[in-house]
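**Student:** sequence-free structure coming up:
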């Protein structure tokens, strides 16, 4: 009778012993002597390996020679209580089938530790390591948490376009999408490229944000959220930037800035609690191996109330710190865009808990943010977290057509392709708010990893588009 496969995540929890099981996976390590081999097998379903005990009398030397780190096996045997330390159960093997060999002279993931820099060079294999297996299982869980949170709140998952003719942030750092022959571009008398023969008949790019289209959804469906890939052509080689990343962008009709802050805090606490409740083994591994303070930090975020801090007060706190001798690399003054070091000082040293910074100077924020009565600041909010700085950015949106148009003209933003967005301010405009959460920033916080390239399977950064 054929024995159906048991995933290792289920096998290691079994309490019925002396039963036949079939497990399949990849060899992490093999040790032993001439009488017996101990094989650590992992199938990716859990951080925990299952130990296979292979009695030399049952298996040929030829077969066991090919059971090396990285090889893929199917093992049938008896699940028994383990006598050894480190595992509750093990499998006494009856048969071993090798699905795929891994030449130990060529397979790059040997038992010794590898640097994260090296593992990025073999990103096609790094999910097989303990660390990246843990990170990518947590990544899945965070995606599930996000969908579950918004679904339970009655939000609708709204799919905004990846190819767009609008630049939401006005930063101009966009990847162009074209079918034109780049060696033979049609140009007008001024030397400008003519797009009438291109696929869309106009210049198009990969989206930097789904927000503007998300606002259209919110002004019809009430509450929506997007969750998809976004692209920034910034030439930033930092541990905090990717050219392709994922964004979650809720937009809510009839929410003001306070409602926006409340749901942002509730949302992020929900995600962190989901990780603690559903990823305990993976978090414990990362806590032990990557960041000894990880689990305590995650718990501290759930248990505290986030500080609500106006930008002007935040600047005063930073200036007071400088007056008392604290040194920052970047200058602090009213009107400056806070650097990560400033944000982290407020969170980690001054308040020792997450901070929601509000009411920024309008000059350093996007055109669509609602202006305050002082004429100088806008109803923006940034959620600042320990170790990473800004994790969420959002605002109440400007719902007045006249004020929005005045701001667009002030900033010389070309709006010829944005008539549809402006229509929402002409036909039944309403107060509304929203925010954006960079998925990988959330993952940095939840996993304790230090580089954003290590929380996405195949990072896209300047000069890097392998795999």
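**Tutor:** That came through, no problem. Note that the structure is a prediction, hence the values are computed from the model and not measured.
**Student:** which residue ranges form the strands in the stretch 151-300 of the chain?
**Tutor:** Taking DSSP state E, counting those that start in this stretch as the criterion, the stretch 151-300 of the chain contains strands spanning 156-157, 163-164, 176-177, 204-206, 223-231, 244-253.
**Student:** Show me where the stretch 351-467 of the chain has its strands.
**Tutor:** Counting by DSSP E, counting those that start in this stretch, the strands of the stretch 351-467 of the chain are 355-361, 377-385, 389-396, 432-438.
**Student:** Output those strands in JSON lines; the columns should cover distance to residue 82, mean neighbour count and mean pLDDT.
**Tutor:** In short, each C-beta sits where N, CA and C put it, glycine included. Formatted as JSON lines, those follow (distance: least, CB to CB, whole Å; neighbours: other CB atoms under 10 Å; pLDDT from 0 to 100):
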{"stretch": "strand 355-361", "distance to residue 82": "48", "mean neighbour count": "22", "mean pLDDT": "98"}
{"stretch": "strand 377-385", "distance to residue 82": "40", "mean neighbour count": "24", "mean pLDDT": "97"}
{"stretch": "strand 389-396", "distance to residue 82": "42", "mean neighbour count": "22", "mean pLDDT": "95"}
{"stretch": "strand 432-438", "distance to residue 82": "42", "mean neighbour count": "24", "mean pLDDT": "97"}
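**Student:** Present the ones you listed as CSV; the columns should include distance to residue 18.
**Tutor:** Compiled in CSV, the strands of the stretch 351-467 of the chain are given as follows (distance: least, CB to CB, whole Å):
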stretch, distance to residue 18
strand 355-361, 56
strand 377-385, 49
strand 389-396, 50
strand 432-438, 49
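**Student:** right, so of the ones you listed, which gets closest to residue 293?
**Tutor:** The closest of the strands of the stretch 351-467 of the chain to residue 293 is strand 377-385. By CB to CB, the value is 13.6 Å.
**Student:** the inter-axis angle of that closest one versus strand 389-396?
**Tutor:** Using axes from the mean of the first three to the mean of the last three CA atoms, to 10 degrees, the interaxial angle of strand 377-385 with respect to strand 389-396 works out to 150 degrees.
**Student:** Can you list the low-confidence ranges for the stretch 101-250 of the chain?
**Tutor:** Counting by pLDDT under 70, the low-confidence segments of the stretch 101-250 of the chain come to 167-172.
**Student:** repeat that with 50
**Tutor:** Within the stretch 101-250 of the chain, no stretch falls below the threshold (pLDDT under 50).
**Student:** Return the set of buried residues in the biggest strand by length in the chain.
**Tutor:** Taking DSSP state E as the criterion, the chain has its longest strand at strand 19-32. Along strand 19-32, these residues count as buried under the neighbour rule (16 or more other CB atoms under 10 Å): 21, 22, 23, 24, 25, 26, 27, 28, 30.
**Student:** So which of those is the closest to residue 223?
**Tutor:** Proximity of the buried residues of strand 19-32 to residue 223 was ranked by CB to CB; the top entry is residue 25 with 42.4 Å.
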